[in-house]
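Student: sequence first, then the predicted structure:
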Amino acid sequence: MPEVEIIKRILEPQITGNLIEILEILNNQIIAYPDAEIFTKMITGQTIINMSRRGKFLTIHFKSGDKLVLHLRMTGQLLVMPKDTPMEKHTHLLIYLEGGNQLRYIDVRRFGRFWFFKKDEIDVLTGQDKLGLEPLDKNLTSHFLKGKLGKRKKAIKDMLHDQSIIAGIGNIYSDEILYAAGIYPETKCTAMDDEKWGRLAKQIPEVIAWGINTNEMTPEEYLEGRGKEYRNISHLRVYGRAAQLCLVCQTVIEKISLGGRSSCYCPECQRKK
DNA sequence: CTAGCTTCCTGATAGC
DNA sequence: TGCTATCAGGAAGCTA
């Protein structure tokens, strides 16, 4: 979510007010709804009024009330650049904006998806209607978390990825949040006590807000490099730091596999018991 | 409803 | 050097 929020903040001023002259789909696979032909026809000629984010979804709103919803998934990159910029490998969508710029979608692994909805069309396709609280929502309290998750048998780290509870936490930030909260990632929800729920509720917004702040960059930096890397992990405290020393206690960071994905944690700061 | 597994996809890296 | 195997992970789709 912090990465997606940064993308929204950088792109919104660059595309707002722009008329879409041409839309060119280079790979139909990324268009989830409707089909590529209708998608192209419907968006061409529209004027962008603003952009919004919900969980990890981005929406481009048009003057007409129609909208374009997208999800970058793992490796999706959305960038504004002059239209004569050499085309990178894995470019799947070109949106020609009035004035000579192009909004481009580049995605090595092609997991990202785009949807288009008419003004009065109800979106039940993207799954946005099932999203839970935003990580920075004031209603995200210890009481909320315990109520929603307290009886679940899965590991707390797994449940942090459930977008229908909290929208926006992926593998990077679940590691970071649990590290900050001092909770061992494999802790079963049923084994969490009030103190742990309290620390978790406090750290979710803190770590996410910190993630947004540390990812802040200029449009130039975004275009030059950092926005093109699908993971900017240099500032992270525990994710990707297996075998390195904990920044707090100098203990060696360990890595385990949990629910099919890697988890890094400090065995001292995040004790099992 | 919940839990657990597979699928999608390419590129970087490890191991032989 | 060159090959193959493994891993990276968001979320839908599937089974039980």
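Tutor: Happy to help now that I have it.

Student: SS state for whatever residue of the stretch 151-273 of chain A ends up closest to DNA strand B?
Tutor: With Cβ to the nearest atom of the strand, the shortest gap between the stretch 151-273 of chain A and DNA strand B falls at residue A:153, namely 3.5 Å. Backbone N, C-alpha and C define where each C-beta goes, glycine included. With DSSP: H, G, I helix; E, B strand; the rest coil as the basis, the three-state label of residue A:153 is coil.

Student: number of nearby residues for residue A:196?
Tutor: The tally of other residues near residue A:196 (other Cβ atoms under 10 Å) stands at 21.

Student: sorry, that was for residue A:68
Tutor: 22.

Student: residue for residue, what is the longest helix chain A has?
Tutor: The longest helix of chain A (DSSP state H) is helix A:194-215.

Student: indicate whether that helix makes contact with DNA strand C.
Tutor: No. Helix A:194-215 is not in contact with DNA strand C by Cβ under 7 Å from any atom of the strand; minimum separation 12.4 Å.

Student: how about the residues of the stretch 101-250 of chain A by DNA strand B?
Tutor: Contacts of the stretch 101-250 of chain A with DNA strand B, taken as Cβ under 7 Å from any atom of the strand, map to A:108-111, A:152-154.

Student: residue A:170: which of these is nearest?
Tutor: Checking these against residue A:170 with Cβ to Cβ, the nearest one is residue A:111 at 12.6 Å.

Student: using the three-state scheme, assign the spatially closest residue to residue A:110 that is not a sequence neighbour.
Tutor: Closest residue to residue A:110 apart from its sequence neighbours, by Cβ to Cβ, 6 or more residues apart in numbering: residue A:29 at 5.8 Å. Here residue A:29 is helix, with the state taken from three-state DSSP.

Student: ditto for the one 10 residues further on
Tutor: Taking three-state DSSP as the rule, one finds residue A:39 in the helix state.

Student: which ones are touching it?
Tutor: Residue A:39 makes contact with A:23, A:25, A:31, A:33, A:114, A:116, according to Cβ atoms under 8 Å, 6 or more residues apart in numbering.

Student: how about the residues you listed, which pair is most distant?
Tutor: Farthest pair in the contacts of residue A:39, by Cβ to Cβ: A:23 and A:33, 15.1 Å.

Student: neighbour count winner among the two?
Tutor: Comparing residue A:23 with residue A:33 by neighbour count (other Cβ under 10 Å), the higher total belongs to residue A:23, at 20 against 16.

Student: wouldn't residue A:245 be in contact with residue A:237 here?
Tutor: No. Between residue A:245 and residue A:237 there is no contact under Cβ atoms under 8 Å: 11.4 Å.

Student: count residues in the vicinity of residue A:215, would you?
Tutor: Applying other Cβ under 10 Å, we find 18 residues neighbouring residue A:215.

Student: what pLDDT is listed against it?
Tutor: On the pLDDT scale, residue A:215 is placed at 86.

Student: what sits closest to it if chain neighbours are left out?
Tutor: Nearest to residue A:215 is residue A:6, by Cβ to Cβ, 6+ apart, at 4.7 Å.

Student: state the three-state secondary structure for that neighbour.
Tutor: The three-state assignment at residue A:6 reads helix, by three-state DSSP.
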